[in-house]
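Chemist: sequence-free structure coming up:
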DNA sequence: TCCGGTCGTGAGAGCGCTTTCACGGCGACA
DNA sequence: TGTCGCCGTGAAAGCGCTCTCACGACCGGA
């Protein structure tokens, strides 16, 4: 080394202790807010901390406390999907809010594909985080297994596909879908189609099940021609709607399993010369922001996302605190009637 | 504790060493790929590692190496904005790709508002990451200062607003905007308006400057009525376009400083009964995925995002390795001519 | 006056790892 | 056969912190 520039190594507990004229232990107590410190000593330490701009080294602290005070939100989804669906945006926002006045930090990890998921698994096993919230699971995902093996506190968003006992928070997807479909049927629609979510995701499966239940309740026979699978994206919704129109041009209503898909479906519907809700009534799912501003404003099923994320946070933090109980929460959904149906 | 359940504490180096019949040091060498280990010993260690499912404790390692092998992408933007602009999606994807075959991990930190930015600052100062890439800066942001003071390796995406010497990678925003505007002028348009980006972001400023340069080059006088500020969102673009149409109904072209805004502008234009590009020619910026699929396909300015993110990664990793040189890279932009202009 | 009990404090062990240093064994060379 | 140097290895120090434990000072009650 020719120059001594480099990064100034940050001050340590010992340096603060020396400056304050107390022992390391006392500084540690002050930093961690222990009450058993004389006000006088406390002031001395605080002054020293301020003067040296001391910040505790987390690695050292974590090494002994076994805590990192950070939790990971891992999205088993491609970046593209994560960033295009406003659903994730809301979840992240609510999650940050829920953690805002905690000392917990939130990191985002998007991992689609086995290779990335292994990397995430390694990251977690190495002890970077105290717990993880796992979203957007597909049936072939290895993540739940990897994380379960890592024995790290875990909360799923959405019921696990394999029924494995694990903490999760879910919306009443089936109930919401059933209500949405029933709403269509009650209005007198008889050729009620559906654009489902992916069949490998619990949300897709449950919403489809709800649709079927509503039909059965109303004594309406199912027609395979009225079912098309989407992938929760706008483009996927458009494609599914196109297929639907081709197979069943006489459909008079559609239950679309997510709002982004509904936007795509609406576009296709309009392009085909059909009016909404005149010719075809449409109900979506999620109550995304776009639903209210769309033309026409969309009737949709709202999930209590705020409540769900704070429940997830709560369940996770409980586990972090050592609670090993497997807890499950299912939140009610609510039909928001606007003008598309 | 009534039960002994709890989380099984993961195996340590010593346990592996004991099982393999070697010393801790040798295990460490094997784990870290040191060549100075007899093949025989190496095999014994590898077997022990596999048997115990040993994973090194990162906190312990980081404590001595002073490295965490993770870098943060911090977005000085609200979650909503981050998740709605496909620009960020691409950056994240490219960044993950660039780091895929490194042992580096990427964490995302979105922080808008002073409180959150302080939290991020603390996170970084505590030593959670080896470096940070900072994006989407607004002029009032405290983040650059906080991070500079933390003395952590830092690369900005976009030229810093205050001209402070710091590593950054930027696109030639002014050049791109100038080319876009010139394209409009060359086509014979004379009332060329612009929807700018936010005036507190370098991208917004530079693209506006490029627009003005093109006008000046062509000897066309500027008209304040032809300038409206947007916020890089679709809604913002729509609002700005509405204002523009009101103030200057005779405009015959618009340079819109981002593709999401362009989508909004297009909608307003069409709603006003104008055809694109017939009545009004439109050029955007970013070459977002939507640009190619939009109707009509959008003429836009493409930035070499892949190149830019790998440059950012490269500059950052260099700093992490100890290189203190302040390096700057500016990447050329390219006009992609489609049908909107 | 003496004893038991607080209370604030400091010494020190130890978290799991990397890395320096010293040492023993061995082949090469004279 | 003796010496040098190299190579693989282990002992041990130490990264910055927390936390137990012991200790001295001090106070109130017997």
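Modeler: In hand now; what should we look at? The structure displayed is predicted, hence computed values, not measured ones. Numbers count the residues shown, from 1 in each chain, chains lettered A, B, ... in the order given.

Chemist: Indicate whether the one helix or strand in chain A whose mean pLDDT sits lowest makes contact with chain B.
Modeler: One helix or strand of chain A scores below all others by mean pLDDT, DSSP states H and E: helix A:79-84, with a mean of 74. Yes - part of helix A:79-84 sits near chain B under the criterion Cβ under 8 Å from any Cβ of the partner chain, namely A:79, A:80, A:82, A:83, A:84. C-beta coordinates here come from the backbone N, C-alpha and C atoms, glycine included.

Chemist: shaky segments in chain A?
Modeler: Applying pLDDT under 70 to chain A flags residues A:1-9.

Chemist: Domain ranges for it, per the record?
Modeler: By the assignment in automatic domain parsing, chain A contains the domains A:13-56, A:70-170+A:306-330, A:173-302.

Chemist: and residue A:294, what are its phi and psi?
Modeler: Main-chain torsions, residue A:294, degrees, to the nearest 10: phi -70, psi 170.

Chemist: neighbours around it, how many?
Modeler: Residue A:294 has 20 neighbours, counted by other Cβ atoms under 10 Å in any protein chain shown.

Chemist: thought it was touching residue A:263?
Modeler: Yes - with contact defined as Cβ atoms under 8 Å, residue A:294 counts as touching residue A:263 (6.5 Å).

Chemist: Quick one: the helices in the stretch 101-250 of chain A, in order.
Modeler: With helices called from DSSP state H, counting those that start in this stretch, the stretch 101-250 of chain A shows them at A:114-125, A:143-149, A:173-186, A:202-217, A:234-247.

Chemist: from the chain's centre, how far out does the last one sit?
Modeler: For helix A:234-247, the separation from the chain centroid amounts to 26 Å (computed by Cα atoms, centre = their mean, to the nearest Å).

Chemist: what does the stretch 151-300 of chain A have sitting close to chain B?
Modeler: Contact residues (Cβ under 8 Å from any Cβ) of the stretch 151-300 of chain A with chain B: A:151, A:235, A:293.

Chemist: Dump those into TSV; add neighbour count as well.
Modeler: Shown next, in TSV, are those (neighbours: other Cβ atoms under 10 Å in any protein chain shown):
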residue	neighbour count
A:151	14
A:235	15
A:293	10
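
Chemist: and of those residues, the nearest to DNA strand D?
Modeler: residue A:151 (20.5 Å; Cβ to the nearest atom of the strand).

Chemist: mind checking the backbone torsions on that closest one?
Modeler: With angles defined as degrees, to the nearest 10, residue A:151 sits at phi 60, psi 30.

Chemist: OK, now which residue of the stretch 151-300 of chain A is nearest to DNA strand D?
Modeler: For the stretch 151-300 of chain A, the residue closest to DNA strand D is residue A:153, as judged by Cβ to the nearest atom of the strand, at 18.2 Å.

Chemist: which ones are touching that residue?
Modeler: A:130, A:131, A:132, A:316, A:319, A:320 (Cβ atoms under 8 Å, 6 or more residues apart in numbering or on different chains).

Chemist: export the domains of chain A to a markdown table and tack on distance to DNA strand C?
Modeler: Shown next, in a markdown table, are those (distance: least, Cβ to the nearest atom of the strand, whole Å):
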| stretch | distance to DNA strand C |
| --- | --- |
| domain A:13-56 | 3 |
| domain A:70-170+A:306-330 | 9 |
| domain A:173-302 | 36 |
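
Chemist: which of those sits most buried?
Modeler: Compared across the domains of chain A, domain A:173-302 shows the largest average neighbour count, a mean of 21 (mean count of other Cβ atoms under 10 Å in any protein chain shown).

Chemist: and that domain, how far apart are its ends?
Modeler: Counting by Cα to Cα, to the nearest Å, you get 10 Å between the two ends of domain A:173-302.

Chemist: and the nearest residue to residue A:42 once chain neighbours are set aside, what element?
Modeler: Leaving aside its sequence neighbours, residue A:42 sits nearest to residue A:30 (Cβ to Cβ, 6 or more residues apart in numbering or on different chains; 5.4 Å). According to DSSP states H and E, residue A:30 maps onto helix A:24-31.
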